[in-house]
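J.: Please find the sequence and the predicted model below.
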Amino acid sequence: MYYAGYRTRIRYSTDDLYVKYSFLHNRFEFADLTRWNNDYAAHFKALETISPYLKSIGISSTDLVLSLPDVSNNNSLYFMDHKGFTGFNYSINDSNTIKLIIKTGAKYLILNDTTFLPQTAIAPFINKQIGRYRNVNIYSLKEI
């Protein structure tokens, strides 16, 4: 139980005394576990408050979105309170996969970071930008 508490608390606060002075603490594991916290702040935090903005630009909560990059099955979708697709179970390395997702019903592409995506795969889908919210770019996938 102590180990589970340590691993959970390290994700949310690197300054937690329980974490800093734990006998389990080592710099390699610490760096690995805190990466989640840093990635969240840099890429996913804006998604928690994006819902009103999406509605203001005409994206309904029933519209399916493709949220990238997100290799989880639904973290970014949960933060946005939307249904749709992430990179989970898909190889987003070629544009054919994205075309398949569009045929399945995705109407918008939500990009919270483009540095991890192959530019050749997403290039055909980032022509119609319809909005920007903090670090998040929103593109229409209609008429593609």
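T.: Sure thing, it's come through. Keep in mind the model is a prediction, meaning the values are calculated, not measured.
J.: Might you list the low-confidence residue ranges for this structure?
T.: 14, 25-38, 114, 116-118, 144 (pLDDT under 70).
J.: mind listing the strands for it?
T.: With DSSP state E as the criterion, the chain has strands at 64-68, 84-85, 106-111, 129-133, 136-140.
J.: Other residues contacting the shortest one?
T.: Where contact means CB atoms under 8 Å, 6 or more residues apart in numbering, the residues beyond strand 84-85 that reach it are 64-67, 77, 101, 104, 106. Using the backbone N, CA and C atoms, a C-beta is placed for each residue, glycine as well.
J.: partners of it in the sheet?
T.: strand 64-68 (parallel) (DSSP bridges).
J.: Just the angle for the partner strand relative to strand 106-111, thanks.
T.: Interaxial angle of strand 64-68 relative to strand 106-111 (axes from the mean of the first three to the mean of the last three CA atoms, to 10 degrees): 20 degrees.
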